[in-house]
Every structure is written in structure tokens, then in C-alpha cells.
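Trainee: Following is a predicted model, sequence given first.
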Amino acid sequence: MSGTTPTPTPTPTPLPPPPAARPTRHDFLNSKPLPNYVAGLGRGATGFTTRSDIGPARAAPDLPDRSASAAAAPAVGRSGRKPPGEDDGGGDDGGDEEKGNDKNKKFNEFEGNDAGLFSNADYDDDDREADAVWESIDQRMDSRRKDRREAWLKQEIEEYRASNPKITEQFADLKRKLVDLSAQEWESIPEIGDYSVRNKKKRFKSFMPVPDTVLEKARQEQEHVTTLDPKSRAAAVDEGRGTVLSLKLDRLSDSVSGLTVVDPKGYLTDLKSMKITSDAEISDIKKARLLLKSVTQTNPKHPPGWIAAARLEEIAGKLQVSRQLIQRGCEECPKNEDVWLEACRLANPEEAKAVIARGVMSIPNSVKLWLQAVKLESSDLNKSRVLRKGLEHIPNSVRLWKAVVELANDEDARLLLHRAVECCPLHVELWLALARLETYDQARKVLNKAREKLPKEPAIWITAAKLEEANGNAQSVNKVIERGIRSLQREGMDIDREAWLKEAEAAERAGSVLTCQSIVKNTIGIGVEDEDRKRTWVADAEECKKRCSIETARAIYAHALTVFLTKKSIWLKAAQLEKSHGTRESLDALLKKAVNYNPRAEVLWLMAAKEKWLAGDVPAARAILQDAYAAIPNSEEIWLAAFKLEFENNEPERARMLLAKARERGGTERVWMKSAIVERELGNVGEERRLLEEGLKLFPSFFKLWLMLGQMEDRLGNGAKAKEVFENGLKHCPSCIPLWLSLASLEEKISGLSKSRAVLTMARKKNPATPELWLAAIRTELRNGNKKEADAILAKALQECPTSGILWAAAIEMAPRPQRKGKSTDAIKRSDHDPHVIATVAKLFWLDRKHGNADAQKDVLKRCVAAEPKHGEKWQAISKTVENSHLPVEALLKKAVVELDVEENVNPVGP
């Protein structure tokens, strides 16, 4: 059929060729590879492992525990055998490999390779028991060696750290010193630069010659211009300033409403401190003038703007322009007193009155303008006329009334004040001033009227009380204050106790003592709880005492004693107040009342007797002590006070009798000591020894009796006996430092330095950290010329007692002269201003002849007498001497000064 494509006949597929014959496999391919063989390693190939080679992921096996507790695991005994029931192998898989490495598995930590001999034996109960026994033995041995091992390890660590310290440890002492650096020293530390090696490498720098045109341009730019060229720099500066000024004006003004937002008051303050010193400030004046012109034009009714503009012109030196501006300000703001005051200030002296006159006509109710008009007048008469004229316009002005009253005489002032209280009835000062000018009867009427007008004013009642006191009506003072407080409480006023106490102090300063006492009596207990009264009242009295309000404090104590009659502490504080600020009569009267209400208070009896004795009335003092003994018959303090009274007044026989009676009644160790002192002064050595020995039998632990007995034997030349007494005393009182010091001093005198050193060393061992023993050792070495040994002992002493004042004082004295100032500073810091250190520093000034004047010396003497000193190394050595026992404090002080002067001349301080 035409037009169709014939279908092609399919070609048959040819058959594949027959397979070739399979080559023969070599024998080595079937054999096991050699150990560590990697295929292709010889030609550079490397082996690798895939997931299919190692199988699925498994947990990592636990690492073997090599601790002592795991050495004998329960799975394997010490013999290498396993308990029954456990599999020796891991199954059939990999059995060949485990068998090949079986020789490595037979090692045991306890038995070594010999464990293989018993690896196939059964692990029974006997094996388990044996392993447990050996395990307990291992633990026991390990615990016994633990302490020694840990100590050895600690020592090794310390030795290593000592030989290889850290950087922080090497600089620890320097870091501690950084605390003392000041802020300036911190700022002066230079910044560390970058000194690393990479910055120290030399870099190649290339240089290229600069063209001449560049050098010429640089030279022209560095030239200094000595003349102003309007066309160049000056014009540019003016243009810049104009731009800045326009920006400021735009910022300070409101372009929408046209009103200024300048703060004229702040600008006025700036103008007061402005001074023109340069051309630049002249430019600033021009800017300010332009600014203030804008202010006055945009808001002409704003007074501060006119005042600022006038002051600006005044500062600029244009006084006439300033007056014109302020005049315009007065025209624009006629009702503002500040503008008129400024106009008066700027006006000529001849025109000032006219200006202020126009001002008061414009503002007749301005108190400031009337007072300024008064200042312009020269005579009191004209001033009074101006003030009266002002009062016609402002009759309720308190300031004008006060000013006119101050200018008037007493009679005119009284009349003016009558009118003033009518015009200003609510001002208490006018009422009080009128009451002071009136007579007694009229003043009472004035105060009554004031009370009607001002029923809540406490000052009126206080003034009324002062009025009664001034006119001798002492009984009415307390009544007025009582009525006043009740009236104020009825009016709903809260009575503030603190405020009323201040009023009491003010009344005391005004001389109204009775008013002060009445105020305290009626207000001191208001608002105070009963349990707090004693504490609060004593605190109030002490505060008043600090403010030198003695009468107020006395009134507080007097009221407190009416409530707490048997409180000894309040009686003592009141007595101290009278002793410091009262008279002998007032103190005697107070102490009489005190002993009547507190007959069992020893201290009050003793204080009363002492005051009589100091006043020179010895019989009265004896009588008081007799009354005290009748009230307290078994009081040792009263017995000793009676003894002291007789002994100090050269009545030794009466003193002996008193002490004999006290010993018969079972006196304490103090009675025996005082008895021995009396016999020592009388020279009865045998009686003194008898009393001391009897006293030691009764009171063997009282160290003062041992000291007195040993000192007596030493004084008589019985060194061996004195040494025996001191040694016996130390057996009973091993911690008594004075006994150790006395024994060491005696040994130095008898046996020499070595024996004294031994005694002091033994004392320091039994009484560690005792500065007195260290100081005694230092002085012993110095007395024997061993300066280096003394310095070494001082260094050890300051290590053991770093805050001891007596040791630091010795360090100052032993230091060379150039080092004393630094040593003194360290001593004051370390010893917390110890009195021994302060005295040593003062001695240094004394040695430099920096003495005070006669007034300072008198003041020191006065304070010493008032302090009645009883302690001190030098003071006791002088005051307890027999020939000085009855000398007054003043004489003892002068003897001490002479003794110190002689000592310093013989043994100068430091090299």
C-alpha cells in the first residue's frame, strides 16, 4: 500500500560466549594471614575498618579498679580460682583468641603467674573465708600506715611549696603594703607599655623625599599671625560668633508667640559676679545687651528683664544708660517694688529720695519701700516720721512697728506698743515687749489680755512666771507654770517635754532660776513611762550638764530624788554635780540628805567625811565617820577611812588603835597591810615583822604582804632572807608579776646578771605574754651594757606582745635619734594611743626643750591635783617613800619632775 512505512524485521539476539575457564586459586590465599599484616601496606595503601567489620555499637568496658579494695575481687579469689557458677570464658565466640592469650590472663596481683596452678580449682567457702581474713589484714595494715603516710605526704607538699613558691606568695608582703597607698600615689604609677617581642622587631622603614611645594605649604600654615586681617581670620571669627549668638537667641525665644523664655533672675545672679577684664568679655557684654534688649522688647511688663538690663549697663560702666533703662522699667512696671528698689540704688544720693517717694506713691503698701526710705534718712527723727507715715498706710505691719519702737524712748515705745498690739493682736512678741516696759500690775494685765488673744501660746505663761520671779513672788512662779500647762492642755496643745526643757535652759540663761526649776518640775515626767523615768531623767541631766545648763541639771536631779529617794546612783550624780559646779555648803546639805535617806550606803558616808576633811574640818569628818560606823558597824571601808583620816593628819596612835580594833573584829588582809604600814612609818621593825608574819598565816595568797616582808628584809640588809620570802611568796602566788620582778632585781644585786636572767626566763615561761617581764629583761641587759642583747629581747617581746604600750615606749627610747619619729608613729598606731607611748613622745619633746609656758604648767599642775594620781612606775616609787607619805600632790609632782630630770641627765635616751 502506497504511503506507508514498512515494518522492519527483528534481528535475533546473539548468544553470549561460553565462560572462560576459572583460574587456579593460590595456596597462600587460603592460609591465615601473618600477625600484624595489613593488605596493601607495601604499595602505600592503609587499612580501614567499617561498621560492618566491628558490629553494632556496644558500651565501653569498665577500666580495672586498682584500689586496695578491688585487689581481691569477689569474682576471683587469692588463689586465682573463681567461685562456682561463673563462666570461665565468654562463650564459644572468640574462644580461640582467648585461648591464645590465656597466659596473660593467669597473672594475679597477689600470687603473680603462679595463680595459673590453681585456676581450675573450685572456689569454696574456705577460700572465701581465707580471702576475707586476708582482706581484713590488708585493711588493718593500711590504716596503721595511714597517719604516717599522710604526714609524709603533707611534709613533701610543704617542702615542695617552700622551694617552689607561687608568684602570689612571693609578692604577698608587697600586696599588703598597697593598703597604705594614697590616691595620688596610685595615679602616679605609670602605665605599662607593650614590650612584647613582636613589637621589638625591627621594621623596614622606607623614606621618600617630600616635594618642595608641600614643605612650603607647611611653613605657611605654622606661621604666627601678628596682625588682624578683617578680610581673613578676624572676619571669620566675627562671623562664627554671630552665628553662635543667633543660635542662642533662637533657642531662648519662642518664634511662634514672640515671648521670651529667658530666666532673668538667673541672669541677674550671673551679672552680679561679672567683671570685665578683656576684650573677649566686651564681646560678651554686647551679646548680653542684644539678648536683654530682646527680652525687654518682647515682654516690657517683665520686671527682671529691666533690672538685668540696667545692671548690665552698670557693669559696662554706662551708669547713665543704666538709670535710663531702670526709669523706663519703673514706667512699664510701676507696681513692682523690686524695680523701684533698683532705681533707688542706681540713682544719685540727691535723687534717691525722690525716686523712693514716687515708689511709695505707686505702691503705698510695700513694706520694703518704706524701710528703704527709712535707710535714706540720716536722723532718728526723720526715720521715725517716715515709719509713722508708713504705718498710716500699713498699720498691721509688724516689721514697721518693731522698727519704730526701736527708735523711740521707753515712754514713747510703751505708747507705740499699746497701739501695735491693737493693730497686731496675734503677734506675741509685741505683747511681751509691752509687758516688759509696763509696771508689775500693768504687765500682769497686759499678759492677761495677751492670754485671751493667744490662748495657745506658752511663751506668755513663761513670761508671766518670770515676771513673778522678778518681783520676788517665788511661790507664785510654780502656780503660774502649773496653770499654764493645764490651760494649754485644755486648748488641745501637746506638751513637748524636749521643747519645754529648752525653755527651761533659756530661762536659766536669762537668770530666772525659779522659772527654770518650775518648768522642769511640771514637765519632766510628761510622756515618760514609769520604768524609764530614772534612765531618761539621768540622761537629760547629763545632756544639760554638757551644755553648761547647770541649774536645769540640778533641777532635774532634785525632782528625780523626790521620786527615787533610795537610789544611791542618783544621789552620787547629784553630789558630783554639786562638787563640780556648786558650793561646799550646797554639797554638804545634799550629802546630809543622802545619808539620811540611804544610811546603808558606804560611799555616801565616805564622800561626806572626805568633803569635810578637804574643807579642813577634821572633827566634823570624825563625827560623820562615827555616825557611819553606828549605821554600818561591820563596814571595813569605814574603818579604813577613819584610819586614813587619823594617819594623814599625823595622829598615828589613834590610827593604830582603830586598826587594832579592826583586827580584833576580823579584819581582812587590807587591815593587816595598813597596820604594817603604820608600824613601818613609826620605825617599829619588830612589830612590823610580827604583823606581816601573822597576816601571811591568815592570808597566804595576798601578795602585797609577801612583797612588804621581802622589801623589809632587803631594806635591813638580809638579802638571803628576802630571797627566801620572795620564793615562798611565788609558791603561793605564781602569777604575781611584782614578786617575780622583785626576786629578779634582788638576784641581780646579789648574784649578778646570769641569775637574774634565769629568774626572768622562768617567770616568762610561767606567765607568757606579760609585757612587764619582757621590759624587766630589757632593762636588765641595758643596765649591764648589753645593748645588742636588749634589742634582740625587745624584738621577741614585740612579737609576743605586739600591742603593749610599755614595750613600744621602750622601743622609742632605745631607737636612734633619727628613727624616733617613725618609731613613735608606729607605736601610736599599734598600741591604740596607749598612755605610756603618749608620755614617751611627750618626753621626747621635753628633751628637745620644747616646753610650755607658765600658764600651761599651771594648768598641768591643776589637773594633776584634781586627778589625785595613785598609779605609775615613777609616781609610786616617789609617793610610797616613807619621808614623802604625807606630802601633797603638788609637792610630789615637783619631786617627780626633778627625779626624771636627774635620770635623763645620767642616762640620756637613745644614742
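Mentor: That came through, no problem.
Trainee: Domain ranges for the protein, per the record?
Mentor: Taking the TED database as the domain assignment, the ranges for the chain are 279-409, 823-906.
Trainee: now the last one, how far from the chain's geometric center?
Mentor: In this case it means domain 823-906. Counting by CA atoms, centre = their mean, to the nearest Å, domain 823-906 is centred 30 Å from the centre of its parent chain.
Trainee: And for stretch 561-579?
Mentor: 34 Å.
Trainee: Flag the shaky bits of the stretch 651-800 of the chain, pLDDT-wise.
Mentor: Of all residues in the stretch 651-800 of the chain, none has pLDDT under 70.
Trainee: Okay, buried residues for the longest helix along the chain please.
Mentor: What stands out as the longest helix in the chain, according to DSSP state H, is helix 125-163. Residues of helix 125-163 classed as buried by neighbour count (16 or more other CB atoms under 10 Å): 127, 131. Glycine gets a C-beta too; all of them are placed from N, C-alpha and C.
Trainee: Which helix or strand lies directly C-terminal to that helix?
Mentor: Downstream of helix 125-163, the first helix or strand assigned by DSSP states H and E is helix 167-170.
Trainee: now could you export just the CA positions of that next one as CSV?
Mentor: Coordinates of each C-alpha in helix 167-170 appear next as CSV, following Å, rounded to 0.1, in the frame of the first residue of the first chain:
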residue,chain,number,x,y,z
ILE,A,167,54.1,34.3,92.3
THR,A,168,51.2,35.5,94.5
GLU,A,169,53.0,34.2,97.6
GLN,A,170,56.3,35.9,96.6
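Trainee: so after it, what's the next helix or strand?
Mentor: helix 172-177.
Trainee: after that next one comes which helix or strand?
Mentor: Counting by DSSP H and E, what follows helix 172-177 is helix 183-187.
Trainee: Return the alpha-carbon coordinates of that next one using PDB.
Mentor: The C-alpha coordinates for helix 183-187 follow below in PDB (Å, rounded to 0.1, in the frame of the first residue of the first chain):
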ATOM      1  CA  ALA A 183      45.100  58.100  95.700                       C
ATOM      2  CA  GLN A 184      47.900  60.400  94.400                       C
ATOM      3  CA  GLU A 185      50.400  57.500  94.700                       C
ATOM      4  CA  TRP A 186      48.100  55.300  92.700                       C
ATOM      5  CA  GLU A 187      47.700  57.900  90.000                       C
END
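Trainee: pLDDT on that helix, on average?
Mentor: Average pLDDT, helix 183-187: 77.
Trainee: Next, the buried residues of that helix.
Mentor: For helix 183-187, it's none, nothing buried (16+ other CB under 10 Å).
Trainee: Can you name every helix or strand that the host helix or strand of R863 contacts?
Mentor: In this structure, R863 sits in helix 854-867 according to DSSP H and E. Applying 3 or more CB pairs under 8 Å, 6 or more residues apart in numbering; DSSP states H and E, we find helix 854-867 packed against helix 889-906.
Trainee: Just the buried residues of the helix it packs on, please?
Mentor: 889, 892-893, 895-896.
Trainee: Hey, what's the angle from that helix to helix 854-867? Just curious.
Mentor: Relative orientation of helix 889-906 versus helix 854-867 (axes from the mean of the first three to the mean of the last three CA atoms, to 10 degrees): 120 degrees.
Trainee: on that earlier part again, residues of the helix holding R863 that come out buried?
Mentor: Quick answer for helix 854-867 (16+ other CB under 10 Å): C864.
Trainee: what's the average pLDDT for it?
Mentor: 84.
Trainee: so P458 touches G484, yeah?
Mentor: Yes. P458 lies in contact with G484 (CB atoms under 8 Å); the separation is 6.6 Å.
Trainee: nearest residue to L844 other than its sequence neighbours?
Mentor: Excluding the flanking residues, the one nearest L844 by CB to CB, 6 or more residues apart in numbering is R820, at 6.1 Å.
Trainee: Need phi/psi at that neighbour.
Mentor: phi -70, psi -40 (degrees, to the nearest 10).
Trainee: That one against L847, yeah?
Mentor: No. Using CB under 8 Å, R820 makes no contact with L847, being 9.8 Å away.
Trainee: Among those two, which residue is more densely surrounded?
Mentor: Here R820 and L847 are set side by side on neighbour count (other CB atoms under 10 Å), and the busier one is R820, at 21 against 14.
Trainee: lowest-confidence stretch among the domains of the chain?
Mentor: domain 823-906 (a mean of 82).
Trainee: if we can go back for a sec, would you point to the one among the domains of the chain that's packed deepest?
Mentor: Of these, the one with the most neighbours on average (mean count of other CB atoms under 10 Å) is domain 279-409, at a mean of 18.
Trainee: circling back: among the domains of the chain, which is nearest W186?
Mentor: For W186, the closest of the domains of the chain is domain 823-906, at 21.4 Å, according to CB to CB.
Trainee: that older thread, how about residues contacting the next helix-or-strand element following the helix holding R863?
Mentor: Once the chain leaves helix 854-867, the next helix or strand it forms, by DSSP H and E, is helix 873-879. Residues from elsewhere that reach helix 873-879, judged by CB atoms under 8 Å, 6 or more residues apart in numbering: 869-870, 884-885, 887, 892, 895-896, 899-900.
Trainee: likewise stretch 474-486?
Mentor: Residues external to stretch 474-486 that are found in contact with it (CB under 8 Å, 6+ apart): 458, 460-462, 464-465, 468-469, 495, 514-515, 518-519, 521-523.
Trainee: Tell me the one of these nearest L181?
Mentor: T523 (56.1 Å).
Trainee: For that closest one, which residues are in contact?
Mentor: Counting by CB under 8 Å, 6+ apart, T523 touches 485, 495, 497, 500-501, 504.
Trainee: can you check E313 too?
Mentor: 289, 319, 321-322, 325.
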